[in-house]
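1. build the 3D model from these lines:
(2 chains)
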Amino acid sequence: MQSRLAPLTLVATLFAGPSLAAEDHPLLAEGQTHYKDFCAHCHGINMVNPGTSSYDLRKYPVEEKASFVDAVNNGKGDMPAWGDILLPEEIDAIWVYVATRAGNQPFPEIAAAAAVVPSVPDGELMVPVTLTACLDVKGGIMSTRRTKGGAGFDYEVLAAVADRLDLKLDVTWFEGDQDEFEDPIPQAYAMLSMPLCDVVAAHPVFPGADGPIPTDRAAPPRWDDQPEHWRPGNQVDLAPIRRTRPYMRAVQGMVFSDRIDVEDIDSIAALAELRVGVQQGTLGEAILRRQGPPAAMAEAITVAPGPNFLWEMEKGAFDVTLTDTAAFDFHRRQNMLSKLKLGTYRHPLGVNIGLATAEKNQGLFASIDAALAALLAEGAMADLAKKARMTYTPPNNETEPNFQAVLRAR
Amino acid sequence: MRLNLTVLAVSAALLAAPAAFAQSQADLENDVSTPGDVLTYGMGYDLTRHSALTQINKDTVKRLVPAWSYSLADSRGQETFPLIHNGVMYATTHNATVAVDALTGTQKWKTAVEYPAETPRVACCGIVNRGGAIKDGKFIRTTLDAHIVALDMATGAELWKTKSIDFKTGYSFTVAPLIVGNVAIVGISGGEYGIRGYIEAYDIETGAQVWRTYTIPAPGEPGSETWQDGGDAWKHGGAPGWLTGSYDPELDLVFWGTGNAASWNAGVRPGDNLYTSTILALDPKSGEIKWHFQTSPNDPFDHDSTNELILTELNGEKVLMQASRNGFLYVLNRETGELVTANKFVDQVNWATGVDKETGRPLVTDVYTKAVAGEEVTYWPSALGGKNWSPSSYDAKRQLMFVNTLNFGLNYKAVEPKYRPGVFYFGAEFSWAWPEEEPRGYLRAIDPMTGEFKWQDGVEIPRLGAVMSTDGGLVFTGTQTGEFEAFDSDTGEKLWEYQTGSGIVGQPITWEADGKQYVTIANGGGAVYALFAGDERLANTPAGGNLITFKLLD
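-> Predicted coordinates for the structure are as follows:
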């Protein structure tokens, strides 16, 4: 029997939860959602809790983000560890919820201060005082070897991370993408399990790309300093790995030639009546074939995959395409006189990219992740990208790419 | 012929040792009439929690004083049901099993329960354990990380340990096992984590699984037609069995209630969703379902039907009774599962007007239909129910059930559920709807045939512990602010209370030794209300569990 009206009006306010006004922190709503799923059953709905059998989070010092993140990752007292379930960026969002006292207070400036970057515990590095990173020798704009050291965005990011941790950067160069049957995910597991390095770069935020092992054994890719007795295809036992927060997003952008008279193209629909080129077997092709204007796509020029693709475009084979922005960046770096232009359009489908470490090296993981957090907070990524001549797209809060939904929407 | 007396004496001693632990099936069945021990969860297979002892009574209870106190060295909520055999008391916490001298409180042994540090992630409503079961010298209990363990009652040494399932996807145990014959029957927890529930039995000698009955049928099995979403809803459909069932030796039937359907969003799993929120009669030898009675078909409200199933006779009929989460007190014929009667036992039930006496189905209101349709509603009783887990007692002579009822609702809106293994799977947004001027709970003396109460005692912070009654005309229970209380069974007058120093969510027992009656309770605040309700009035009630035993001052 519903006898009173007053509680009903109250309901609406309660559902709205704490006010999420425009000036509120952009992560607050996400933090509230995660709090409900992961924290509320011990710390109370809306963080209200008598504080007797579990900690009253309203008392958590707002300047102690680092210890908060550590407690969530590794557990504290009676609290279980959540590090294997919660992603670093999800913990960041929960921190916003906690530091704003469930959205009831403004986000304190001191809480936003980049977390202290903890140093790497002894014994978790392959070589003392050295961060050994696995980088793809054919990584294009992301990573390339130089006579001394290397270049590329991943190289720059890892150098900056090593610098934060007061470590020297050493690179194990490997040859990724030898043929289409090689799967980079088990290869990353293999490299970290042997280990060939402390950290693998360019690791996708993708279900099954981290956490428990995907298979018992797998082969690493060919790497520099590979011993003579090592045979290609030799398999190693895999161990679980863990991915840091993403530091960039791999996206598809529109590239067009100087032969067409447009300033920019802002949608796939606008490709009608243009000569479209597609690179076989790439994400760009998949998107264009599903979402491109049917007439233009029926006439589309198909080119075999490889660096030759944009060169064909340069020579006039077609006038517009959708491709990895990193592929365009690499083409432009290799061809200083290129007339191709990268438009401002970015397809919503993309993949966040992070770093991967062996799960057992918890301290190393925490250090690297905190270093990335600091670099992201300081806006350093854009500068590193500039140095590498890469078009930078920051990561979003997506925890996995939603291929189905994005491709279904036209 | 000359007798070798030495040999005879030794043989006698050898025989005596095992005999001390030889509780048999007959002992378990007779537990109610042997007040010198407490061998079964709920003080008898019928779960009446009622004792014939009268030394502590309406007149003498004012002389009740603590005899001893034993620290459980744990700050979680204590919901354990202590057992007593041969002068030794056995109790559990989430991380230990203890045996103490029942007369002195001196520890005889303590065996730790080890579980992985991440296990508490899958315990929705408190890191608790509700007690063990004993037979043939073995103490059998469950663990939070979904294992069953048997300990030697004499030494605490582990005899066997069996894994029921991988806890990481949301499965856990808090239940006290029910031993029938040579099996220990247990029910899984995890209704808020999208599990597929089950009740199962283990051989008490070997720890081998004897049977497992899923409480959600697989496609093609009887009952599967009540999952009409055409998809995989059944795989994460809930129906845990997290509270101990009762047993009728004459019918050789075990009665066990199942929990809520998962997620709470009922709109995405059309159909009745058997056997969620259902009372089951099981064959203890095979686990076969003999009959079932569903209290809340297609439940959107977290209205488990796990509450205790008390066995008695009413008007010459063998019945079972349940004061259910959904606000109705059900009386069923326990041979057939047919409804005898069902009546509201709390003041506010707004999701149904009653129960159809022919079909046993709730007569739902628009609060129910709107909730299922995804609209915002305030429903009563809340997700914690008209009564939560806290077991009631039943005084057959007075035909009164003593029940710790709850008096609050929930503001609720179903949302699209997202399944992520080992993470809450609510499919709903919610917040509490507290009563404006009334207490949040009452201890009530209820006539099971009408649902009406003879007396009640309101309390601001609701009682979440068990109730026990005696032929001394007393009703024992406790508050979350720490008072252990005794009421007059006939009038509801509070005759005695003692501040134990931490909140009470445990289960009182009474027993006798050398002609003296004792009462024991575990205190230690925490668990579902303290964690979830955000009741800051509990801030000055410290955590920390003890076993406390009382006797009359000489």
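2. where does chain A have its least confident helix or strand?
-> When each helix and strand of chain A is scored by mean pLDDT, DSSP states H and E, helix A:6-16 comes last, with a mean of 38.
3. for the residue of chain A found nearest chain B, which residues are in contact?
-> Chain B sits closest to residue A:48 of chain A, with a gap of 3.3 Å, by CB to the nearest CB. In short, each C-beta sits where N, CA and C put it, glycine included. If a contact means CB atoms under 8 Å, 6 or more residues apart in numbering or on different chains, then residue A:48 has A:58, A:102, B:534, B:536 as its contacts.
4. so the last one is in contact with residue A:50, correct?
-> In other words, residue B:536. Yes - the pair residue B:536 / residue A:50 is scored as a contact, 5.3 Å apart, by CB atoms under 8 Å.
5. the two: which is more packed in?
-> Between residue B:536 and residue A:50, residue A:50 has the larger neighbour count (other CB atoms under 10 Å in any protein chain shown), namely 25 against 13.
6. name the element residue B:472 belongs to?
-> If you go by DSSP states H and E, residue B:472 is not part of any helix or strand.
7. what's the neighbour count on residue B:176?
-> Count around residue B:176 with other CB under 10 Å applied: 26.
8. what's the distance between it and chain A?
-> Using CB to the nearest CB, to the nearest Å, one obtains 21 Å as the distance from residue B:176 to chain A.
9. now for residue B:222, how many residues are close by?
-> By other CB under 10 Å, 10 other residues sit near residue B:222.
10. host element of it?
-> Assigned by DSSP H and E, residue B:222 falls within no helix or strand.
11. spatially, what comes nearest to the residue nearest the centre of chain B if we skip its sequence neighbours?
-> Nearest to the mean C-alpha position of chain B, by CA atoms, centre = their mean, lies residue B:243 at 4.2 Å. Sequence neighbours aside, residue B:306 is the residue nearest to residue B:243 in space, at 4.4 Å (criterion: CB to CB, 6 or more residues apart in numbering or on different chains).
12. again, but for residue B:76
-> residue B:127 (4.5 Å).
13. ok, back up a step: give me the pLDDT value at the residue of chain A closest to chain B.
-> In this model, residue A:48 is scored at 90, pLDDT.
14. neighbours around whichever residue of the stretch 451-554 of chain B sits closest to chain A, how many?
-> Per CB to the nearest CB, residue B:534 is where the stretch 451-554 of chain B lies closest to chain A, at 3.3 Å. For residue B:534, the count of nearby residues is 19 (other CB under 10 Å).
15. need the pLDDT of it.
-> 87.
16. thinking again about what came up before, which SSE is the residue nearest to residue B:76 in?
-> Under the assignment here (DSSP H and E), residue B:127 is part of no helix and no strand.
17. can you list the residues of the stretch 51-200 of chain A near chain B?
-> A:51, A:52, A:53, A:54, A:75, A:78, A:79, A:80, A:81, A:82, A:84, A:85 (CB under 8 Å from any CB of the partner chain).
18. let's see that with 10 Å instead.
-> A:51-54, A:56, A:74-75, A:77-86 (CB under 10 Å from any CB of the partner chain).
19. next: the stretch 301-410 of chain A.
-> residue A:399.
20. ok, which stretches of the stretch 301-410 of chain A are helices?
-> Along the stretch 301-410 of chain A, counting by DSSP state H, counting those that start in this stretch, helices occupy A:308-314, A:325-334, A:362-377, A:380-387, A:403-408.
21. could you do the stretch 401-550 of chain B as well?
-> Going by DSSP H, counting those that start in this stretch, the stretch 401-550 of chain B shows helices at B:527-532.
22. where in it is pLDDT low?
-> Within the stretch 401-550 of chain B, no range satisfies pLDDT under 70.
23. okay if I get the contacts of residue A:48 as a markdown table plus distance to residue B:466?
-> Formatted as a markdown table, the contacts of residue A:48 follow (distance: CB to CB, whole Å):
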| residue | distance to residue B:466 |
| --- | --- |
| A:58 | 32 |
| A:102 | 34 |
| B:534 | 24 |
| B:536 | 25 |
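24. need the max-distance pair from those.
-> A:102 and B:536 (13.9 Å; CB to CB).
25. need the residues touching each of those two.
-> A:44, A:48 (CB atoms under 10 Å, 6 or more residues apart in numbering or on different chains).
26. could you give the angle of the helix or strand hosting residue A:67 to helix A:362-377?
-> If you go by DSSP H and E, residue A:67 is part of helix A:65-74. If you take axes from the mean of the first three to the mean of the last three CA atoms, to 10 degrees, helix A:65-74 sits at 130 degrees to helix A:362-377.
27. residue contacts, the residue nearest to residue B:243?
-> B:175, B:187, B:189, B:191, B:239-245, B:256-260, B:277-279, B:322, B:324-325, B:385, B:388-389.
28. for residue B:66, same thing?
-> Taking CB under 10 Å, 6+ apart as the test, what residue B:66 contacts is B:105, B:484, B:498, B:500, B:546, B:548, B:549, B:550, B:551.
29. now the third one: how far from residue B:553?
-> Here the distance between residue B:498 and residue B:553 works out to 12 Å (CB to CB, to the nearest Å).
30. which stretches of the stretch 401-550 of chain B form strands?
-> Under the criterion DSSP state E, counting those that start in this stretch, strands of the stretch 401-550 of chain B are mapped to B:409-414, B:428-433, B:441-446, B:453-459, B:468-470, B:474-478, B:483-488, B:494-499, B:509-513, B:516-523, B:546-552.
31. do I have it right that residue B:318 meets residue B:311?
-> Yes - Residue B:318 lies in contact with residue B:311 (CB atoms under 10 Å); the separation is 7.5 Å.
32. hang on, residue A:313 packs against residue A:340?
-> Yes - using CB under 10 Å, residue A:313 makes contact with residue A:340 at a distance of 6.3 Å.
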